[in-house]
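J.: Here is the input, now give the coordinates:
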Amino acid sequence: MKIGFDGKRIIQNFTGLGNYSRFIIDILAEYYPNNQYSIFAPSHPKNNLSFSKSASISFHYPKKQFLKTFWRSFGIVKDLKNEKIDIFHGLSNEIPFGLKKANITSLVTIHDLIFYRYPQYYPWFDRKIYEFKVRYACKHVDKIIAVSEQTKRDLIDFLSVEDSKVEVIYQNCNPQFNIQLSPDEKYKIKNSYQLPDEYLLNVGSIETRKNALLIVKALKELDSNIHLVLIGKDTPYSKSIKDYVKSNNLNNRVHFLKNVSFNDLPGIYQQAKIFIYPSEFEGFGIPIVEALSSGVPVIAAKGSCLEEAGGMGSIYIDPKNHVELADQIKIVLSDKELRENMIQLGFEHIKKFTNQNIAEKLIKLYQKTSKC
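T.: All right, here's what the predicted structure looks like:
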C-alpha cells in the first residue's frame, strides 16, 4: 500500500502535533516496512529527522517554492494522483481541498475541539480558521481518527459526525521515557538544571487552560521543603503565576524552566515526586503518559480525557479546587505504599499505548478504508 501524509507539521513543528506526526511515520515504518510512506511537505526539513533515510519513506515537495501555501491546500492533489497514492492521511486536523473529487481515499486525525468548547482561549480569526478546516475535513474524509474517546464525543456533539465514521486510536510517548536512567545520569541532569531535592512537576505550555496557577496555590499549603518545577514555553499567563509567586513569598520554591533539552526530560520526570496536570481540558494528555512511563505518580484534573490517559492508578481532582489538590498531594507524599501502587498501576495502564498496538490499528483502518 502507498500512503500519503501531510508533512507540514513533520518538518516544522517540534512539539505536540509535530511529535505526533513523526511518531505515526516512525511506528508504521518500523512495524510495516513493506508499505510506502510518502510525506508531502511544503519545504525541506531544517532539522535532521531520524526516519528520513528509511527505504520505505520518501519526501515530496512543491516544484515551485513560492507556491508552497497554494500547493499544500490545492496543488498537492495532482501530485498525489501522479504518485498513485492509495490513501491520504491528514495528521493534524485538516486535509487538502479536492481529495474526494479526485477520488482519493482520505483520513484525518482530529486531536481536540478545544476551540469550540473554550473559544475564549483563542483569537477570533484563528478560531474561525480552525473551525473551517476541521468542518471541511470531517465532512470530506472517509474516516476520522480521534486521539481519545473525549475527542470522539466532541466530534459527535459539536459537529454531528456519525459515530461509525470515527475510530479512536490513542497516542504513545517517545520510547526514551521508558528507559530508567542511572543515578549518575540523573545527578548530572539535576545539577545542570539546579533541581531541588523534592519537587512536583508540570510539563506543557504555560497558558491559562493548562491551569498551572492551581498547583502554585496548592504549593502554598504544603511543607516548605516541597518545590514545584514548571517546564514550558513562556506566555502572558506566566506573568500572572510569577506575580502570585512573588506576592506569596514562593520565589525560592517555584522553578520555571524553558528550552529544556528533550533528551533531559526523562531524567527530570524520573526525579519528580509527583507529576501534576490540572489542565481544564485536553484532547489526550501525552505528558501524563510520559510521567507514567517514567514511573511517577500522577494527579490530574477531572472533566476531559485525562482519565483516559492516566488510568485507574492516577488521582483526579477538581481543576478549580487548589485545597483538594493540596490534600491529595499530602496524601501521596506521605503514603509510600500508595505511591508504589500508583506507579505499578501506571505501568499496567500504559501497555494499551504500545507502538505496535497503535501501528496495527492504523494499518487495519487504512486497509478497511482504502479503495485499492
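J.: Mind jotting down where the strands sit in the stretch 1-150 of the chain?
T.: 2-6, 36-40, 57-60, 87-90, 105-110, 143-146 (DSSP state E, counting those that start in this stretch).
J.: What pairs with the third one, parallel or antiparallel?
T.: Taking DSSP bridges as the criterion, strand 57-60 forms sheet pairs with strand 36-40 (parallel).
J.: I'd say residue 31 and residue 362 touch.
T.: No: with contact defined as C-beta atoms under 8 Å, residue 31 does not reach residue 362; the gap is 9.4 Å. (Glycine included, C-beta is placed from N, CA and C.)
J.: Show me which of these two is the more surrounded one.
T.: residue 362 (22 against 16; other C-beta atoms under 10 Å).
J.: List the contacts of that one.
T.: Taking C-beta atoms under 8 Å, 6 or more residues apart in numbering, we find residue 362 in contact with 24, 27, 28, 145, 169.
J.: Now with 7 Å, please.
T.: By C-beta atoms under 7 Å, 6 or more residues apart in numbering, the contact set of residue 362 is 28, 169.
J.: Compare the strands of the stretch 1-150 of the chain and say which comes out lowest on pLDDT.
T.: Lowest mean pLDDT of the strands of the stretch 1-150 of the chain: strand 57-60, a mean of 91.
J.: in it, what counts as buried?
T.: For strand 57-60, burial by neighbour count (16 or more other C-beta atoms under 10 Å) applies to 57, 59, 60.
J.: Then stretch 167-182?
T.: 167, 168, 169, 170, 171, 172, 173, 174, 177, 181.
J.: wait, which of the strands of the stretch 1-150 of the chain is closest to residue 258?
T.: The closest of the strands of the stretch 1-150 of the chain to residue 258 is strand 105-110. By C-beta to C-beta, the value is 27.8 Å.
J.: picking up where we left off before, in CSV: the strands of the stretch 1-150 of the chain, plus distance to residue 117.
T.: As requested, these are exported to CSV (distance: least, C-beta to C-beta, whole Å):
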stretch, distance to residue 117
strand 2-6, 25
strand 36-40, 31
strand 57-60, 36
strand 87-90, 21
strand 105-110, 13
strand 143-146, 14
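J.: picking up where we left off before, which one among the buried residues of stretch 167-182 gets closest to residue 201?
T.: residue 177 (12.9 Å).
J.: Can you pull the phi/psi pair for the residue nearest to that closest one when sequence neighbours are not counted?
T.: Spatial nearest neighbour of residue 177, chain neighbours left out: residue 293 (4.0 Å); criterion: C-beta to C-beta, 6 or more residues apart in numbering. Dihedral angles of residue 293 (phi, psi; degrees, to the nearest 10) stand at phi -60, psi -30.
J.: related to what we said a few turns ago, nearest to residue 163, of the strands of the stretch 1-150 of the chain?
T.: Nearest of the strands of the stretch 1-150 of the chain (C-beta to C-beta): strand 143-146, 10.6 Å.
J.: what pLDDT does residue 43 get?
T.: At residue 43, pLDDT is 88.
J.: typo on my end, residue 174
T.: At residue 174, pLDDT is 88.
J.: for the one 4 residues further on, same thing?
T.: In the prediction, the pLDDT value recorded for residue 178 is 94.
J.: picking up where we left off before, which stretch among the strands of the stretch 1-150 of the chain comes nearest residue 207?
T.: strand 105-110 (20.6 Å).
J.: Contacts for that closest one, please.
T.: 86-95, 99, 134, 137, 141-147, 151, 155, 369-371.
J.: can we see that at 6 Å?
T.: Applying C-beta atoms under 6 Å, 6 or more residues apart in numbering, the contact partners of strand 105-110 are 87-91, 93, 95, 99, 137, 141-146, 151, 369-371.
J.: likewise stretch 194-212?
T.: So stretch 194-212 is in contact with 121, 215, 225-233, 235, 237-238, 272-276, 278-280, 287, 319, going by C-beta under 6 Å, 6+ apart.
J.: Take it, keep the C-alpha atoms, and write them as PDB.
T.: Extracted C-alpha coordinates of stretch 194-212, given in PDB (Å, rounded to 0.1, in the frame of the first residue of the first chain):
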ATOM      1  CA  GLN A 194      19.700  23.100  39.600                       C
ATOM      2  CA  LEU A 195      16.700  20.900  40.500                       C
ATOM      3  CA  PRO A 196      15.600  20.800  44.200                       C
ATOM      4  CA  ASP A 197      15.700  17.600  46.100                       C
ATOM      5  CA  GLU A 198      11.900  17.200  46.400                       C
ATOM      6  CA  TYR A 199       9.700  18.600  43.700                       C
ATOM      7  CA  LEU A 200       6.300  18.400  42.000                       C
ATOM      8  CA  LEU A 201       6.500  18.600  38.200                       C
ATOM      9  CA  ASN A 202       4.300  20.100  35.500                       C
ATOM     10  CA  VAL A 203       5.200  20.000  31.800                       C
ATOM     11  CA  GLY A 204       3.400  21.800  29.000                       C
ATOM     12  CA  SER A 205       2.800  25.300  27.600                       C
ATOM     13  CA  ILE A 206       2.200  27.700  30.500                       C
ATOM     14  CA  GLU A 207      -1.100  29.000  29.400                       C
ATOM     15  CA  THR A 208      -4.500  29.700  31.000                       C
ATOM     16  CA  ARG A 209      -6.200  26.400  30.000                       C
ATOM     17  CA  LYS A 210      -3.300  24.400  31.400                       C
ATOM     18  CA  ASN A 211      -4.100  25.900  34.800                       C
ATOM     19  CA  ALA A 212      -0.600  25.800  36.400                       C
END
